[in-house]
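>>> turn this into a model:
(chains A and B)
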Amino acid sequence: MRELVILSGKGGTGKTSITAALTALGESLVVCDCDVDAADLHLLLAPTIKESYQFSGGHEAQIDPARCTQCGECLELCRFEAITPDFQVDPFSCEGCKVCVHFCPAQAIDFLETVDGDYFVSDTRFGPMVHARLHIAAENSGKLVTVVRRKAQEIAAAQKKNYILVDGPPGIGCPVIASLTGAHAVLLVTEPTVSGRHDLERAAGLTAFFKIPTYALINKCDLNPQITEELVQLCEERNFPVLGRLPYDPVFIQAMVAGKTLPEYTDGLLVEELKNLWTKLQVALQKTA
Amino acid sequence: MKIAIASGKGGTGKTTLAVNLAAALGNQAQLLDCDVEEPNVHLFLPLVQGQKETISAPVPEVDLDRCNFCGACGQICQFSAIVPLEQTVLIFPEMCHSCGGCYLVCEPGALRERGRELGMIDRGLSQEGVHGVYGRLRVGEAMAPPLIRAVKARMDLSRTVIIDAPPGTSCPVIAAMKGADYVVLVTEPTPFGFHDLKLAVETVRTMKLPMGVVINRSDIGTAEVKNYCAREAIPVLLSLPYSRPVAEAYSRGQLLVKEIPGFKEQMLALFEQISGGRQGS
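Below you'll find the predicted structure:
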């Protein structure tokens, strides 16, 4: 079983549309959506939920006003400015570190487990899918990503699937690191803009840091042919192959509006390019240890 | 006034709006790049007179000669960042949230704080006179929120503060939006844009902040976003149709207020709506 993570650094380069297209083209795979705080893959794959689980990632302090003596110890000790001057806990700032709970002389602070989201095992027209929904403004997105990946790995092992496709979140922080640690390969979807190039370099820095074989796809390549060439050069220097180039094409949005993956919605050169991409990715994944 | 520019979905035009709004306001504006994982503001508004600062978070370091292996540090730590064993103490600095709990409970005083580098902050002036405070997370560092808080600690409240927030709806976004007077949500009228806009609206409502929406590439996709905003009484501040010259200028890192006639006036009108009306839901 091989696990491929689709990342981009920058948002809006086409990660999810590409993941959905690969899901439609591939065989013997489990797909999972690890962009847990703005998940979109389900809009194209229309999963039917089979199992649903609650996800608890941590704790939150809660001051009981009946027991609180307003001594100010918690205000003093909290490093997250999570205690308001009228002795309430601001849930947006509380990191669940337990310091106030431990040191409250009146033992007036409870430490409640938080429910941070839900995750689901579903069926799609292309096979099993694992996805999640982090609750609004919740913490612990990285832990939820890890839970989603573990579930996908279990299913892939039980059903003897060859591949796991992971639709990753944007950025390079906690949920991205949780998406890629231990994976077999990363596909970076990029675009020829100064932002795309800058973010590609940082995302590639991250995959190099974790020593994960990395491949690139340049989307919207005709938007700026000069930067496209610079991207190709950058990928060569960093020693990761460019597996494909796709032109800017409004069909991405048309397919999205229709709720379909690209190979279901259209044919022609774009889909040929995507088929080539999947063939090359399969070869690349077989080579990984 | 503090204006946060956010969106659920990435790539909708947050940074474009933030840099052009700031450039239109010029010397009156202070621009904070709080999308510290993938900071792009500097590509459009580079700082000509700048200074760099390294930002660190305190993490524990143990003096084994003093440690009595009581295990209290491991009990209070909620993040598995410190694991006391029989004869040693394992520390995982990348897991540490810098809450300070372990030092506070360590009776023999065997723990010290040292810095773990989170990233950098660049401060200075752009050619257009914009005051910039740009955060940049170290590649390999997982925690964006403490760096975002460090960027925001450098706010100059005598100016109009514009905050370029990261995408999503989780802790980095909350850290960036907290304390803002107004949130501008940038979206596009596609199914992904619409879905993530609804999440972003819920997030802003949970935080009880006034907001308005900017619809970018307003002529692609469907009318769902417009209808939703009308239904939810969220003001649509500006609609910008897709334009190839705009996309190309953006790809080169150019400012639209310089390249596209009339764009600066649109930005000033947008600011007028936000600061004058302060309407929102």
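>>> now stretch B:9-29: mean pLDDT?
What stretch B:9-29 shows for mean pLDDT is 97.
>>> span of it from start to end?
In stretch B:9-29, first residue to last residue: 26 Å (Cα to Cα, to the nearest Å).
>>> quick one: residue B:94 is in a helix?
Yes - under DSSP: H, G, I helix; E, B strand; the rest coil, residue B:94 sits within a helix.
>>> and it, how close does it get to residue B:143?
Taking Cβ to Cβ, to the nearest Å as the measure, residue B:94 falls 8 Å from residue B:143. Any C-beta I mention is one placed from the backbone N, CA and C, and that applies to glycine too.
>>> and the helices in chain B?
In chain B, the helices defined using DSSP state H lie at B:14-25, B:41-44, B:72-76, B:101-105, B:145-152, B:171-177, B:191-206, B:224-231, B:244-251, B:256-259, B:263-272.
>>> how about the CA coordinates for the last one, as CSV?
Spelled out, it's helix B:263-272. Output of helix B:263-272 as CSV, limited to C-alpha atoms (Å, rounded to 0.1, in the frame of the first residue of the first chain):
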residue,chain,number,x,y,z
PHE,B,263,-8.7,50.0,-8.9
LYS,B,264,-7.3,52.5,-6.3
GLU,B,265,-10.7,54.3,-6.2
GLN,B,266,-12.4,50.9,-5.7
MET,B,267,-10.1,50.2,-2.7
LEU,B,268,-10.7,53.7,-1.2
ALA,B,269,-14.5,53.2,-1.6
LEU,B,270,-14.2,49.8,0.1
PHE,B,271,-12.4,51.4,3.0
GLU,B,272,-15.1,54.1,3.2
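>>> quick one, which of residue B:94 and residue B:143 is more surrounded?
A direct count of neighbours by other Cβ atoms under 10 Å in any protein chain shown for residue B:94 and residue B:143 places residue B:143 higher, at 24 against 13.
>>> where does the residue lying closest to the more buried one once chain neighbours are set aside land on pLDDT?
Nearest residue to residue B:143, sequence neighbours excluded (Cβ to Cβ, 6 or more residues apart in numbering or on different chains): residue A:174, at 6.3 Å. If you check residue A:174, the pLDDT there is 94.
>>> again with residue B:37
In this model, residue B:37 carries a pLDDT of 97.
>>> next: residue B:279.
pLDDT at residue B:279 comes out at 44.
>>> residue A:284 now?
95.
>>> one more: residue B:181?
98.
>>> what's the separation between residue A:284 and residue B:208?
48 Å.
>>> what about the two, which has more around it?
Taking neighbours as other Cβ under 10 Å, residue A:284 and residue B:208 compare with residue A:284 leading, 19 against 6.
>>> hang on, that one in a strand?
No - Residue A:284 is assigned helix when assessed by three-state DSSP, not a strand.
>>> do you know how far it is from chain B?
In this structure, residue A:284 and chain B are 23 Å apart, going by Cβ to the nearest Cβ, to the nearest Å.
>>> wait, that residue touches residue A:215, no?
Yes - contact criterion Cβ atoms under 8 Å: residue A:284 and residue A:215 qualify, at 6.0 Å.
>>> for chain B, give me the ranges with low pLDDT.
Where chain B drops to pLDDT under 70, the residues are B:277-281.
>>> got the domain boundaries for it?
Split into domains by automatic domain parsing, chain B comes to B:2-46+B:127-277, B:57-117.
>>> so which bits of the stretch 151-289 of chain A are right by chain B?
Within the stretch 151-289 of chain A, the positions lying close to chain B (Cβ under 8 Å from any Cβ of the partner chain) are A:169-177, A:191-196, A:198-199, A:202, A:205-206, A:209, A:223-224, A:227, A:250, A:253, A:256-257, A:259.
>>> one more time with 6 Å
Residues of the stretch 151-289 of chain A lying close to chain B by Cβ under 6 Å from any Cβ of the partner chain are A:170-174, A:177, A:193-195, A:199, A:202, A:205-206, A:209, A:223-224, A:253, A:256-257.
>>> and for residue A:272, the neighbour number?
For residue A:272, the neighbour count with other Cβ under 10 Å is 10.
>>> grab the nearest non-local neighbour of residue A:181.
Among residues not flanking residue A:181 along the chain, residue A:210 sits closest, at 6.1 Å (Cβ to Cβ, 6+ apart).
>>> count the neighbours of residue B:128 for me.
Residues lying near residue B:128 (other Cβ under 10 Å) number 18.
>>> so how far is chain A from it?
17 Å.
>>> can you pull the phi/psi pair for that residue?
phi -80, psi 0 (degrees, to the nearest 10).
>>> for it, what are its contacts?
Taking Cβ atoms under 6 Å, 6 or more residues apart in numbering or on different chains, we find residue B:128 in contact with B:23, B:26.
>>> state the distance from it to residue B:25.
9 Å.
>>> same check on residue A:22?
Counting by Cβ to Cβ, the gap between residue A:22 and residue B:25 amounts to 44 Å.
>>> between these two, which is the more surrounded one?
For residue A:22 versus residue B:25, neighbours defined as other Cβ under 10 Å are more numerous around residue A:22 (26 against 22).
>>> before we move on, which element is that one in?
In this assignment (DSSP states H and E), residue A:22 forms part of helix A:15-25.
>>> can you tell me what sits against the helix or strand that that helix is followed by?
Next helix or strand after helix A:15-25 toward the C-terminus (DSSP H and E): strand A:29-33. With Cβ under 6 Å, 6+ apart as the test, strand A:29-33 has contacts from A:23, A:39, A:41, A:128-131, A:148, A:152, A:155-156, A:161, A:163-167.
>>> what count of nearby residues applies to residue 117?
Just so you know, I chose chain A. Neighbourhood size, residue A:117 [other Cβ under 10 Å]: 26.
>>> let's do chain B instead
13.
>>> helices - which of the residues of the stretch 151-289 of chain A next to chain B land there?
The helices, defined by DSSP H, take in A:174, A:177, A:194, A:195, A:199, A:202, A:205, A:206, A:209, A:253, A:256, A:257 from these.
>>> what sits against the closest residue to residue A:132 other than its chain neighbours?
Of all residues not flanking residue A:132 in the chain, residue A:119 sits nearest, at 3.9 Å (Cβ to Cβ, 6+ apart). By Cβ under 6 Å, 6+ apart, the contact set of residue A:119 is A:53, A:55, A:132, A:148.
>>> residue A:119 pairs with what?
Assessed by DSSP bridges, residue A:119 has beta-bridge partners residue A:53, residue A:132.
>>> can you check the one 4 residues further on too?
Per DSSP bridges, residues listed as beta-bridge partners of residue A:123: residue A:48, residue A:128.
>>> ok, it touching residue A:49?
No - taking Cβ atoms under 6 Å as the definition, residue A:123 is not a contact partner of residue A:49, at 8.5 Å.
>>> who's in contact with the residue nearest to residue B:273 when sequence neighbours are not counted?
Spatial nearest neighbour of residue B:273, chain neighbours left out: residue B:237 (5.4 Å); criterion: Cβ to Cβ, 6+ apart. With contact taken as Cβ under 6 Å, 6+ apart, residue B:237 is in contact with B:212, B:214, B:270, B:273.
>>> closest to chain A among the residues you listed?
Nearest to chain A among those is residue B:214, at 14.8 Å by Cβ to the nearest Cβ.
>>> how many neighbouring residues does that closest one have?
When neighbours are counted by other Cβ under 10 Å, residue B:214 registers 24.
>>> for it, list the residues it contacts.
Counting by Cβ under 6 Å, 6+ apart, the residues that residue B:214 touches are B:184, B:186, B:237, B:238.
>>> how about the residues of chain B near chain A?
For chain B, the contact set with chain A under Cβ under 6 Å from any Cβ comprises B:8-11, B:37-38, B:40, B:43, B:76, B:78, B:97, B:99-101, B:139-140, B:142, B:144, B:167-171, B:174, B:190-192, B:195-196, B:202-203, B:206, B:220-222, B:251, B:253.
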